[in-house]
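1. Fold the following, please.
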Amino acid sequence: MSKKLFLFFLACAAFTSCIQEEPLNSECDIEACRVVLDDPMAVFYAEADAECSVISVDTMITFYTRDVKRELLKSVAVQLQLTEGATVSPENGSVQDFSGEGVRYTVTSQDGQWKRRYLVRFLPKESLNPKFDFESVELEPTKQKYFQWFAFDNSGARQDLWATGNSGFALSRSSAKPMEYPTVPWDDVVGEAQGVSGSTKAVKLETCNTGSFGAMVNMRLAAGNLFLGTFDTENALKDAMAATRFGVPVNRFPVRFRGYYKFKPGEKFQDRQGKAVEGKVDAPDAYAVLYRNTDKNGNRITLQGDDVLTHANIVAMARVENFLHTGVEQGDPWKYFDLKLEYKEEKDYELLYNYGYNLTVVFSSSVKGAEFEGAIGSVLLVDEAEIVFE
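-> Below is the predicted model:
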């Protein structure tokens, strides 16, 4: 055998060895779901409602339906898109009974070392609970490192509609304790003096330093935020604007945006490179945006960090201007805001009936936090907010 041929076979053997030694995938996620129905419109308001992508932090997957008889959900197949090599039980695409609380799926990673459990459920689509008292809060159940907020609709069903960037902060400051995150519950509440009873919690949003890792990826601060929508943690580092996905479907037209706040700016405003901007004082942000959630071809649209205030599908908006510096200590005054949503096009009630509009409400401790500019230490407290519908 010639020397060249021997080296060729040796290289092939080495290459084959490398392939064989490649570790098996340890991920065990559901990435997307599709409901298999002959007539999706018999169950859903739009065909697009029969499909959904699943962000990495979600373990409850909810399909919102028309108010249909539960018998229609006794024999339904759901096709799951899994991470590479993962398996699932019950069998992927098998017919299951979703007429009760839902079906629990267990996903096992390709290497067999990891499992993740999901609940897939079908609920009649209820309009957003308009009262944002921020009383319902819990530690994220998987690792219990940070807080997340939820609410309940008129039927008592849980609505997981609020999101924060806390899971993104966990990537840069993994050693942080839950109360050291940018968005946390707070005990300084509006209280009886402002005519609000039963309030025990507010939300504290603080612009925080993301540490050495944040500096390395040129994301030196994280503004505290809370918004109606979802946050895609896996996308947070490569495309922070796309990671924030704003809005939830509504079937009533919002007319006013109200709430209470306290605010104190941090001492030094800095640009994305971490350089101080002399004379500039940080400000928070709070707004409500209503937009059409499909394009002219019927494809779903979700506004993101770079277009939530500018997209052509925006129908109405209300935004708090000229925040006062109240201080954020016990005894400092709460300020009340009450704004009208300004509509820039005619209301389409047929589109509204079919949940063709999304509404988002956004709070942030730094108005330019999405661009990683602001003042570390800026604090915005929010309590007893609400949307008034027609």
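2. Count residues in the vicinity of residue 187, would you?
-> 9 (other CB atoms under 10 Å). (C-beta placed from N, C-alpha, C; glycine too.)
3. so how far is residue 67 from it?
-> With distances taken as CB to CB, to the nearest Å, residue 187 is found 39 Å from residue 67.
4. do residue 260 as well
-> For residue 260, the distance to residue 67 - CB to CB - is 35 Å.
5. Of these two, which one has the most company?
-> Higher neighbour count among residue 260 and residue 67: residue 260, with 21 against 7, using other CB under 10 Å.
6. Show me what the mean pLDDT comes to for the helix or strand hosting the more buried one.
-> Taking DSSP states H and E as the definition, one finds residue 260 inside strand 254-264. Across strand 254-264, pLDDT averages out at 97.
7. List the strands paired with it, with their directions.
-> Strand 254-264 pairs in its sheet with strand 335-340 (antiparallel), strand 379-389 (antiparallel), by DSSP bridges.
8. for the stretch 101-250 of the chain, what spans make up the helices?
-> Remark: helices assigned in the stretch 101-250 of the chain by DSSP state H, counting those that start in this stretch are 166-172, 211-216, 240-243.
9. Please parse this structure into its domains.
-> The record's domain parsing of the chain by automatic domain parsing lists 21-125, 126-389.
10. tell me the most buried of those?
-> Mean neighbour count (mean count of other CB atoms under 10 Å) peaks for domain 126-389 among these, with a mean of 18.
11. tell me the pLDDT at the residue nearest the centre of the chain?
-> Computing the C-alpha centroid of the chain and ranking residues by CA atoms, centre = their mean puts residue 230 first, at 1.7 Å. pLDDT for residue 230: 91.
12. which residues touch it?
-> Counting by CB atoms under 8 Å, 6 or more residues apart in numbering, residue 230 touches 55, 58, 163, 245.
13. Redo the residues you listed as a markdown table? Include distance to residue 298.
-> Formatted as a markdown table, those follow (distance: CB to CB, whole Å):
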| residue | distance to residue 298 |
| --- | --- |
| 55 | 23 |
| 58 | 25 |
| 163 | 26 |
| 245 | 19 |
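14. Residue 385: which of the residues you listed is nearest?
-> residue 163 (15.5 Å; CB to CB).
15. and the nearest residue to the closest one once chain neighbours are set aside, bridged to which residues?
-> The shortest distance from residue 163 to any non-neighbouring residue, by CB to CB, 6 or more residues apart in numbering, is to residue 231 (4.4 Å). Using DSSP bridges, the bridge partners assigned to residue 231 are residue 244.
16. where's stretch 262-281 relative to the chain centroid, distance-wise?
-> 26 Å (CA atoms, centre = their mean, to the nearest Å).
17. same check, this time on stretch 322-334
-> Here stretch 322-334 is found 28 Å from its chain centre; the criterion is CA atoms, centre = their mean.
18. Need the distance between the two termini of that stretch.
-> Terminal residues of stretch 322-334 lie 15 Å apart, using CA to CA, to the nearest Å.
19. quick check: mean pLDDT across it?
-> Here the average pLDDT along stretch 322-334 is 94.
20. Figure out which of the helices of the stretch 101-250 of the chain is closest to residue 374.
-> helix 211-216 (12.8 Å).
21. hmm, back to that, out of the contacts of residue 230, who's nearest residue 290?
-> residue 245 (15.8 Å).
22. List the contacts of residue 364.
-> By CB under 8 Å, 6+ apart, the neighbours of residue 364 are 205, 223, 224, 225, 284, 285, 286, 370, 380.
23. any weak-confidence spans in the chain?
-> The model of the chain has pLDDT under 70 over residues 1-22, 191-198.
24. Recalculate using a threshold of 50.
-> Scanning the chain with the threshold set as pLDDT under 50 gives 1-20, 193.
25. State the distance from the residue nearest to residue 46 when sequence neighbours are not counted to residue 314.
-> Closest residue to residue 46 in three dimensions, ignoring its sequence neighbours and counting by CB to CB, 6+ apart: residue 354, at 6.4 Å. In this view, residue 354 and residue 314 are 19 Å apart by CB to CB.
26. swap in residue 225?
-> In terms of CB to CB, residue 225 sits 19 Å off from residue 314.
27. same thing with residue 272?
-> Residue 272 is 26 Å from residue 314, by CB to CB.
28. Over to residue 301?
-> For residue 301, the distance to residue 314 - CB to CB - is 11 Å.
29. ok, now which ones touch residue 305?
-> 240, 241, 242, 243, 244, 246, 370.
30. I figured residue 116 hits residue 59, correct?
-> Yes: using CB atoms under 8 Å, residue 116 is in contact with residue 59, at 6.9 Å.
31. about what we covered before: roughly how far out does the strand holding residue 260 sit from the chain middle?
-> Worked out by CA atoms, centre = their mean, strand 254-264 lies 20 Å from the chain centre.
32. I'd like the next helix or strand past it.
-> Counting by DSSP H and E, the next helix or strand C-terminal to strand 254-264 is strand 269-270.
33. tell me what that following strand is packed against?
-> strand 374-375 (3 or more CB pairs under 8 Å, 6 or more residues apart in numbering; DSSP states H and E).
34. Show me what the strand it packs on pairs with in its sheet, parallel or antiparallel.
-> Applying DSSP bridges, strand 374-375 is found paired with strand 269-270 (antiparallel).
35. Touching the partner strand from outside, list them.
-> 220, 221, 276, 277, 280, 281, 282, 373, 374, 375, 376.
36. Would you mind confirming that the last one is in contact with residue 265?
-> No: with contact defined as CB under 8 Å, residue 376 does not count as touching residue 265 (10.5 Å).
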